[in-house]
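K.L.:
Need coordinates for the following:
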Amino acid sequence: MRRFTPFGTITLLLWCLASPVPSYADPEFVPIEIRLVAQQSEGGTALPIQGSRETLVVEPATLLGPSDVLSVGDVEWTTEGTKRSPGVNVVLTPGGAEKYERISTDNVGRTLAIIVDGKIVMAPRILDPVRAQGFLLTTSTEAEARELARTLQKAIAPDRD
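P.N.:
The predicted model follows:
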């Protein structure tokens, strides 16, 4: 059995304390996270919906965060009927996909808030349990999709440029 030495523990603690802490638009929020939209406004946080003057109140608990994201793709286009929309594919880790399935199974009928830098970029309603390795974030314009991809890629893999 391996024993931890006080020197190793102190070294690890100092390393963690010396690591740089990233700064985001809203210090309460990480670069990407998924929370449930609150069913009652008290106890939650009102967040702006990107591209709107409206807000939604979200629950305090982060259900999925950056550590659950494996990668973020470049802009791709989706077609629904006659409407084409630019979007960004977010691929979850295997653990993140399991959490996503559990969240969607336990919360059918509720609304998720997909939050990027403290703003809600999508708020889909859960119609059925989701068994997927990720999701697509759609936007109104290609420029918004490119900026969203850049923001998320930098947050998930800061050394990528």
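
K.L.:
need the longest strand for this protein.
P.N.:
In terms of residue count, the longest strand belonging to the chain (DSSP state E) is strand 69-80.

K.L.:
what's the next secondary structure element after it?
P.N.:
Using DSSP states H and E, the next helix or strand after strand 69-80 towards the C-terminus is strand 83-92.

K.L.:
That next one: which residues count as buried?
P.N.:
Within strand 83-92, the residues that count as buried by 16 or more other C-beta atoms under 10 Å are 85, 86, 87, 88, 89, 90, 91, 92. The way it works is simple: take the backbone N, C-alpha and C, and place the C-beta from them, glycine included.

K.L.:
Tell me how far the helix or strand following it lies from the chain's centre.
P.N.:
Using DSSP H and E, the next helix or strand after strand 83-92 towards the C-terminus is helix 94-106. Computed by C-alpha atoms, centre = their mean, to the nearest Å, the chain-centroid distance of helix 94-106 equals 13 Å.

K.L.:
Give me the angle between helix 94-106 and strand 69-80.
P.N.:
In terms of direction (axes from the mean of the first three to the mean of the last three C-alpha atoms, to 10 degrees), helix 94-106 departs from strand 69-80 by 50 degrees.

K.L.:
Please report the distance of residue 83 from residue 138.
P.N.:
Here residue 83 is placed at a distance of 10 Å from residue 138 (C-beta to C-beta, to the nearest Å).
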